[in-house]
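>>> following is a predicted model, sequence given first.
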Amino acid sequence: MTTDASAQIRRIRILKTAPHACSYLEGEQSTTAFVDPELIIEPSLYTRLAEIGFRRSGPYLYTPMCGTCSACIPARVVVQQFSQNRAQKRCIKRNSDINVQQRHTIDTAEHYPLYEKYINERHKDGDMYPPSRDQFEQFLGTTWECTQYFEFRVDNSLIGCAVVDVLPNSLSAIYTYFDPSLNKRGLGNFAVLFQISLAAKLDKSYVYLGYWIENCQKMSYKKKYQPMEFFKENSWKLSE
């Protein structure tokens, strides 16, 4: 990141939440820092913020800024060097019947029941439980100019959706929800592999996968996509 970009980011007003119980690590307190929601975020600035670990949630760009813990580590896949392992190849083959449809907007009446089922069965211990239609609209229905929805369909039935921000040099995986009853398909894995493949076709350098936490089992899947870089000590470094 250039000196000018660093100076621009330092001028951005940052708002912080009060400390609250962390939903990933028991006994830890979490504080989240948000970019001023009144600020107009151009794609170039969004990219620069992603490069220093910021993520988007609904209308907000945020990053963990906890007082006593630094376990949340931004992670991204190095697209042009990525090579599928055997398990990932099997996942792609297993889901060869999926038709992926790209959308600028989605039908909430069709998508919300799938999201609700996913949260109820997979994330009862998370911040998004219990789900609600208003929560869904704010979190995933709030689109930016760069936002795309990739619907996963079999025989025209919706079985999953990946919400993705398309940035100048990368894709940012915002969220994926799917039918939790289709365990054998590995739809979460399929969604990540699809986004890496899409990034390669679009000649993007990275796919941002959010935060990785070493001692959180929910985050362990992210290290399966190699080579992966972690943002540590203000620079991106290949994971071990």
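Received the coordinates, thanks.

>>> and stretch 213-221, which residues are buried?
I213, M219 (16 or more other Cβ atoms under 10 Å). Backbone N, C-alpha and C define where each C-beta goes, glycine included.

>>> ditto for stretch 111-125
Those would be H111, Y112, L114, Y115, E116, K117, Y118, I119, H123, for stretch 111-125 by 16+ other Cβ under 10 Å.

>>> tell me the one of the residues you listed nearest E229?
Comparing the buried residues of stretch 111-125 against E229 with Cβ to Cβ places H123 closest, at 26.4 Å.

>>> quick one: secondary structure of the nearest residue in space to that closest one that is not next to it in sequence?
Spatial nearest neighbour of H123, excluding adjacent residues (Cβ to Cβ, 6 or more residues apart in numbering): Y129 at 5.6 Å. Using DSSP: H, G, I helix; E, B strand; the rest coil, the structure places Y129 in coil.

>>> out of the buried residues of stretch 111-125, name the ones that lie in helices.
Judged by DSSP state H, the subset of these located in helices is H111, Y112, L114, Y115, E116, K117, Y118, I119.

>>> ok so, going back, touching, the residue nearest to H123 and N120? I think so.
Yes: if you go by Cβ atoms under 8 Å, Y129 and N120 touch, sitting 7.3 Å apart.

>>> end-to-end on stretch 210-219?
10 Å (Cα to Cα, to the nearest Å).

>>> can you list phi and psi of K89 for me?
Phi and psi for K89, reported as degrees, to the nearest 10, are phi -60, psi -40.

>>> no wait, S96
Per-residue torsions, S96: phi -70, psi -10 (degrees, to the nearest 10).

>>> separation between the nearest residue to Q101 once chain neighbours are set aside and A191?
Spatial nearest neighbour of Q101, chain neighbours left out: E151 (4.5 Å); criterion: Cβ to Cβ, 6+ apart. As judged by Cβ to Cβ, to the nearest Å, E151 and A191 stand 11 Å apart.
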